[in-house]
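Peer 1: Need a 3D model of the sequence below.
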Amino acid sequence: MRAVVVSSPGGPDVLRAAQVPDPVPGRGEVLLDVAAAGVNRADLLQRAGHYPPPPGAPAWPGLEVAGVVVDVGPPATTGVDAADGPAGPAAPRVGDRVAALLAGGGYAERVTVNASLTLPVDPLVDLVDAAALPEALATVWSNLCAARLAPGETLLVHGGSGGVGSVAVQLAHARGHRVVATAGGPDRCARVRELGADVVVDHRGQDVAAAVREATGGRGVDVVLDVLGGGALRSNVELLAEGGRLVVIGLQQGRRGELDLPALMARRGSVIATTLRDRPAAQKAAIMAGVREHVWPLVRDGRVRPVVHARLPLDEAPQAHRLLASGEVLGKVLLLP
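Peer 2: Sure thing, here's the model as predicted:
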């Protein structure tokens, strides 16, 4: 089959299409014909040599896909490999349309994935666009659970127009939370407002801290979902309400920052930091079970929908990476085999 491999660590041009061995489903796995693969910032880091795939994952990038099941491996009846246990869903069958969370290898014509990491794609949901959802939904759901976002609380989403941010805004809005989000430029702010944000702050033209304080009557926000990292650490702590939680899920403004401990202590706040890709299989399966139960119904009824900026052929993976790195993407970029 064809896949997009990384010839050597470097810029977008190191991505090239190549022939690789066809994957074979193992115990508890399904084989998918890929309709589309989502492009994520983690893929850019892997291409540059900064985020190697975990053991056992394919060497080429791609953390999420949607496609059609064309084969199933031997059944599994115990552990995380069991997709059809007493409390679990029925295992996907040949012909089923699914979206899937991967540890890698999505930039390809076919992938194998544990059945516990798949989501059934309803006929009313576009199969190609569904590839924009698994990684973002798993990231947002797991982190809002970690932050214990409660009814009536306010969430601040940095980067509300991004692949994760656009899902976070919709999910929090659909679950009845007040949502404050940031985005760059009037047009992007307008789109994020359409997704359900109550207040959108233009980080290119407004003082974010002042705008958030005004929006909350000076109280601050209960949870910050942050993709910025070190460069925003101090300001994020200052925006927390009493008992507020800062959840760091990205490092777009650096790996290190200065933490004002007295400011955090005065708010009785906490800082939480997570990753998704390298979690143990059992944890990933539990996250996807939560998504399937609590979030996927919102996708089926249209309250949470994929936001797709561009759909490009697999051979244009270098352009997809340039586009994502430009900062102008609203939602996700998809690659189509």
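Peer 1: what about residue 152, which SS state?
Peer 2: coil (DSSP: H, G, I helix; E, B strand; the rest coil).
Peer 1: Which residues are in contact with it?
Peer 2: 177-178 (C-beta atoms under 8 Å, 6 or more residues apart in numbering). Quick note: C-beta positions are derived from backbone N, CA and C, even for glycine.
Peer 1: quick one: it from residue 65, how far?
Peer 2: 37 Å (C-beta to C-beta, to the nearest Å).
Peer 1: quick one: low-confidence parts of the protein?
Peer 2: 77-89 (pLDDT under 70).
Peer 1: Give me the most central residue, it.
Peer 2: What sits nearest the mean C-alpha location of the chain, by C-alpha atoms, centre = their mean, is residue 136, with 2.1 Å.
Peer 1: quick one, helices of the stretch 51-200 of the chain?
Peer 2: 134-147, 163-174, 186-194 (DSSP state H, counting those that start in this stretch).
Peer 1: how about a markdown table for the ones you listed, with distance to residue 303 added?
Peer 2: Putting those into a markdown table (distance: least, C-beta to C-beta, whole Å) gives the following:
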| stretch | distance to residue 303 |
| --- | --- |
| helix 134-147 | 13 |
| helix 163-174 | 4 |
| helix 186-194 | 13 |
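Peer 1: Out of these, which gets nearest to residue 30?
Peer 2: helix 134-147 (14.0 Å; C-beta to C-beta).
Peer 1: Send me that closest one as PDB with only the CA atoms.
Peer 2: Output of helix 134-147 as PDB, limited to C-alpha atoms (Å, rounded to 0.1, in the frame of the first residue of the first chain):
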ATOM      1  CA  PRO A 134     -11.200  11.100  17.100                       C
ATOM      2  CA  GLU A 135      -8.000  12.800  18.300                       C
ATOM      3  CA  ALA A 136      -9.700  16.100  19.200                       C
ATOM      4  CA  LEU A 137     -12.700  14.500  20.900                       C
ATOM      5  CA  ALA A 138     -10.400  12.200  23.000                       C
ATOM      6  CA  THR A 139      -8.200  15.000  23.900                       C
ATOM      7  CA  VAL A 140     -11.000  17.400  24.900                       C
ATOM      8  CA  TRP A 141     -13.100  14.800  26.800                       C
ATOM      9  CA  SER A 142     -10.200  13.400  28.800                       C
ATOM     10  CA  ASN A 143      -8.900  16.800  29.800                       C
ATOM     11  CA  LEU A 144     -12.300  18.200  30.800                       C
ATOM     12  CA  CYS A 145     -12.800  15.100  32.900                       C
ATOM     13  CA  ALA A 146      -9.400  15.600  34.400                       C
ATOM     14  CA  ALA A 147     -10.300  19.200  35.200                       C
END
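Peer 1: Fine by me, we can end here.
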